[in-house]
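Peer 1: I would like to see how this sequence folds:
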Amino acid sequence: MLGCAGMLTVAAQADNFDGGAGVGDPSWSNALNWASDTVPTGTTPVQAINVPGYGVVVNNPGAMASEIHVGTWGWIGSIDVQDSGTLSTVGNMLIAAQDAASVGTVVNDGQINVAGIAYLHAGVGVLENNGTFGSTHLHLGHIAGSDTTLINTGDITTGILSLSVAGNSVFNMNGGTVTVGTFNMVDGGTGRLNLYGGTTTTTVLALNDNGDYTIDIREGVLVAGGNHTATMALMESAGLITAYGGDGTVISEYDAGTDMTTLSAEGCLVVEKTGEFIIEETGEQFFPVGFNYIDLRTNDLGWLFHDTFNPNHYNTATVASNLAEIAAAKFNTLRVFIETGPSTNSVVMASSDTTLSVAYMQRVADFLEQSHAHGLHVIITFESFPSSAAYISYKDEVVNVEGANRFYLNPGYIAAKRLYMRDFIQMLGQLAPDRLADTVLAFDPQNEVTHYVEVAPFSLLSGTVTPANGATYDLATDKVQLADEMAVYWMDQMAEEIHQQAPGVLADVNMFTYAAVQRSIGDFHSFGVGDWRNRYPFRPEALAASGADFLDLHFYTANSADLQSDLDSIEFDAVASAWKAAGKPMIVGEFGAFTNVLSLAGAVSWKEDEVDLFASHGFLGWLYWTYNTDVQGSLWNAKSGGGVLFDVLEARAKENYFGYPPAADDLDGDGMPDRWEIQYFGSINAVNGGANEDYEGDKMANRAEYLAGTIPDDPASKFMIVDMQSDVGGLEVQWSSAPCKSYQMLRSGSLVEPKWSTFGDPVHGTGAVSVLTVPVDADQGFYKVRLDR
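Peer 2: Numbering: from 1, shown residues only. Here you go, the predicted model:
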């Protein structure tokens, strides 16, 4: 039993953070911020409880306490140790202490040294370490019912690390190092260990068989004393250890010389680099094409809201049917929205809620599971953070900032948005941990980022403003600089949160053009109170320098002149050059056609031409608004009129991105990426290196090898049935598979005019032999295996 010796129990003796110095200075070192008006010392126990909008900031060396509780007895608390700060305790540190209603967050970019034990204790606790953290022991999920998360990109050293003692916990090892004496998995509760990056080293690894825990590996490595390969193999076969959410290969190796076991993985992720989307494991270029998958509903006030994941209306069978149609047409990406207005259809059910709606999040998780089953990727788009108890306390005021501009300029609003995304991603990771790795292409922190010119600071002609980045701007002369620099700062904050919570998942930034709101760059004039044009979108060229991984532009045009006007208004040539120089791709995340501007026939004709123009301008994919939303009658959806837009978009996607003329990475137009040809053949003009030739003579054409993921200069590497074995259970069919590929068995009752139908579920390749058993009671017939992707 892990005890709590030395815990702070006499609250009256503790010094409480009361923020007396005000929002401008929440630092630990300012005596006015403490109830005693004295900076704590090594003999002072501390309770860090937030005041409205902010918590304790450690921005200097030397912060000390005898013991620290961060969020305790049902209160919310936080400590932010900045890169210049150090914090130490003589005794223990408890995060989310004493009560299940406590919420505690510690973010460390500097140095924390806990001479005692660090507990993620009783409530909802988060320890995010990007700096250096040391403690005697570190226990997650210490009390039954607790929900705790450890995130690391820095360096942690501790004696005993417990994944969970009695509560529920997640450890996202995203990078850096963790060095421990003994790593205990789960004594009670549940534990999820995600080895997404960095190296975790332990002298003793306790893989107990009586706990509810899983391990998923991507780019991280676990090194443990002793030989654990047999236990790890059993856990893998039971689905308790996975690689890349089940789509990769688990590798456990024992070195007798060092008496150490290394656990790692090989797998597939969609990532961006050199201005393209690349499937990391295969090197294949990826083009996200598909739809905004949107269900809308009208409330009592006549306003539209997103209803896609409403637990009262979400229909699993309907989703399955829709996704099957989308995938069959070879579309590969969907974009969805998360509704935040407190109600039964939203991610929070009531304004008093301190957690997200489990019922809503379960529908999001189901959608990801179904998308994965159909080989589809998903972009998840957020809007503003919910107006619920968990986030509204962060709202703050900045002089000369009003209205919706607060969401992008105020530090408290930015902190609330980060916390909301953190809560969302962590809960989604608990409900569908594998799908974060292999299905979520990107998180989009806000749909159509924009400043608002009708309210301060952009409505002001004079004065100054000092937003969250700490710089001061003269509103008579510096509005463009203010708009650009805060756009980059805000996106950096959002991207940092996304990358920390979901390593490998991309961060998207999107906006409409200046022409869409009848203005130009630097034009901050107002069209009058309440006018929809009173918006100044973030400037896309400036955002190339931000933490965003790709750019998503939105167009609703009726002809080529409209499109050119939109492009000219954002100075598109400069935009494309900046994003190319940054090595980041561009897509069109929304485009559509208004019913009062174009007939359905006109929409079909123009959209067919428009997507060709998108490709010619260097956009590497597009998502049509919408797949089948009839509620928004002002726009033609892809299924309008029997699906004529769906059909033409399917044809143009194949032409522009999946066939001929060649894609940008296939300059010789043979259907094989040039980089792939150079890797295996030495050039794109190698002898026997053509698409329909056979480089190594294994009777499999080169382009077929590329599509199958096999190695074209290795005669032993080819897609084929390798064995069939009959036993009492049926006929076991074995075939060679490749990572990141999906296979489907087919059956036909006859080979005379065969009619092939699917048999069994899709099988994901591992790089080894894949197996599917035809049971003894199956209908007599002929069977084959098809490569689906």
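
Peer 1: lowest-confidence helix or strand of the chain?
Peer 2: Lowest on mean pLDDT, DSSP states H and E among the helices and strands of the chain sits strand 270-273, with a mean of 60.

Peer 1: show the contacting residues for the residue nearest to the spatial centre of the chain.
Peer 2: In the chain, the residue lying closest to the centroid (CA atoms, centre = their mean) is residue 505, at 4.2 Å. By CB atoms under 8 Å, 6 or more residues apart in numbering, the residues touching residue 505 are 436, 440-443, 498-499. For glycine as for every other residue, the C-beta is placed from the backbone atoms N, C-alpha and C.

Peer 1: what residues of the lengthiest strand in the chain count as buried?
Peer 2: Counting residues, the longest strand in the chain under DSSP state E turns out to be strand 168-186. Judged by neighbour count (16 or more other CB atoms under 10 Å), strand 168-186 contains these buried residues: 168-176, 178-180, 182-186.

Peer 1: partners of that strand in the sheet?
Peer 2: With DSSP bridges as the test, strand 168-186 is paired with strand 147-152 (parallel), strand 155-164 (parallel), strand 190-206 (parallel).

Peer 1: next, format these as TSV and append mean neighbour count, distance to residue 457 and mean pLDDT.
Peer 2: Formatted as TSV, the strands paired with strand 168-186 follow (neighbours: other CB atoms under 10 Å; distance: least, CB to CB, whole Å; pLDDT from 0 to 100):
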stretch	mean neighbour count	distance to residue 457	mean pLDDT
strand 147-152	26	34	94
strand 155-164	22	40	96
strand 190-206	20	39	93
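
Peer 1: looking at those, which is nearest to residue 687?
Peer 2: When these are compared by CB to CB, strand 190-206 sits nearest residue 687, at 41.7 Å.

Peer 1: just the CA coordinates for the closest one, please, in PDB.
Peer 2: Provided in PDB are the C-alpha atoms of strand 190-206 (Å, rounded to 0.1, in the frame of the first residue of the first chain):
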ATOM      1  CA  THR A 190      -6.800   1.900 -15.100                       C
ATOM      2  CA  GLY A 191      -3.600   3.100 -16.800                       C
ATOM      3  CA  ARG A 192      -2.800   4.100 -20.300                       C
ATOM      4  CA  LEU A 193       0.900   4.300 -21.200                       C
ATOM      5  CA  ASN A 194       1.500   6.000 -24.600                       C
ATOM      6  CA  LEU A 195       5.100   5.800 -25.700                       C
ATOM      7  CA  TYR A 196       4.900   8.500 -28.400                       C
ATOM      8  CA  GLY A 197       8.500   9.800 -28.200                       C
ATOM      9  CA  GLY A 198      11.700   9.900 -26.200                       C
ATOM     10  CA  THR A 199      13.200   7.200 -24.100                       C
ATOM     11  CA  THR A 200      11.900   5.700 -20.800                       C
ATOM     12  CA  THR A 201      14.500   3.700 -18.900                       C
ATOM     13  CA  THR A 202      13.700   1.600 -15.800                       C
ATOM     14  CA  THR A 203      15.900  -0.800 -13.700                       C
ATOM     15  CA  VAL A 204      12.800  -2.800 -12.700                       C
ATOM     16  CA  LEU A 205       9.600  -3.100 -14.800                       C
ATOM     17  CA  ALA A 206       6.600  -4.600 -13.100                       C
END
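
Peer 1: next helix or strand past it?
Peer 2: strand 212-217 (DSSP states H and E).

Peer 1: got the angle between the helix ranked longest in the chain and strand 168-186?
Peer 2: The residue-count maximum for a helix in the chain (DSSP state H) belongs to helix 479-501. Angle between the axes of helix 479-501 and strand 168-186 is 40 degrees (criterion: axes from the mean of the first three to the mean of the last three CA atoms, to 10 degrees).

Peer 1: just how off-centre is helix 479-501 within its chain?
Peer 2: Counting by CA atoms, centre = their mean, to the nearest Å, helix 479-501 is centred 17 Å from the centre of its parent chain.

Peer 1: packing partners of it?
Peer 2: Counting contacts by 3 or more CB pairs under 8 Å, 6 or more residues apart in numbering; DSSP states H and E, helix 479-501 packs against strand 168-186, helix 406-409, helix 411-431, strand 450-452, strand 473-474, strand 506-511, helix 540-543.

Peer 1: my guess is residue 541 meets residue 573, correct?
Peer 2: No - here residue 541 does not reach residue 573: they are 9.7 Å apart, not a contact under CB atoms under 8 Å.

Peer 1: residue ranges with poor pLDDT in the stretch 651-789 of the chain?
Peer 2: Scanning the stretch 651-789 of the chain for pLDDT under 70 picks out 658-667, 766, 788-789.

Peer 1: all helices for it, in order.
Peer 2: 674-681, 702-708 (DSSP state H, counting those that start in this stretch).

Peer 1: likewise for the stretch 201-350 of the chain?
Peer 2: 229-237, 316-328.

Peer 1: give me the mean pLDDT for stretch 340-355.
Peer 2: Stretch 340-355 comes out with an average pLDDT of 89.

Peer 1: neighbour-wise, which of the contacts of residue 505 leads?
Peer 2: When neighbours are counted by other CB atoms under 10 Å, residue 442 leads the contacts of residue 505 with 29 neighbours.

Peer 1: from residue 227, how far off is that one?
Peer 2: 40 Å (CB to CB, to the nearest Å).

Peer 1: show me where the stretch 501-650 of the chain has helices.
Peer 2: 540-543, 560-569, 572-581, 600-616, 644-657.

Peer 1: go through those and pick out the most buried.
Peer 2: Of all these, helix 540-543 has the most neighbours on average by mean count of other CB atoms under 10 Å, namely a mean of 23.

Peer 1: among the helices and strands packed on helix 479-501, which is nearest residue 606?
Peer 2: Per CB to CB, nearest to residue 606 of these: strand 506-511, 21.8 Å.

Peer 1: quick one: list the elements packing against that closest one.
Peer 2: Right, strand 506-511 is packed against strand 270-273, strand 440-444, helix 479-501, strand 550-555, strand 586-591 by 3+ CB pairs under 8 Å, 6+ apart.

Peer 1: single out the most deeply packed of those.
Peer 2: strand 440-444 (a mean of 27).

Peer 1: output it as PDB - backbone C-alpha positions only.
Peer 2: Output of strand 440-444 as PDB, limited to C-alpha atoms (Å, rounded to 0.1, in the frame of the first residue of the first chain):
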ATOM      1  CA  VAL A 440      -7.000  12.000 -36.700                       C
ATOM      2  CA  LEU A 441      -5.100  13.800 -39.400                       C
ATOM      3  CA  ALA A 442      -5.300  17.200 -37.700                       C
ATOM      4  CA  PHE A 443      -6.900  19.300 -34.900                       C
ATOM      5  CA  ASP A 444      -8.100  22.700 -36.200                       C
END
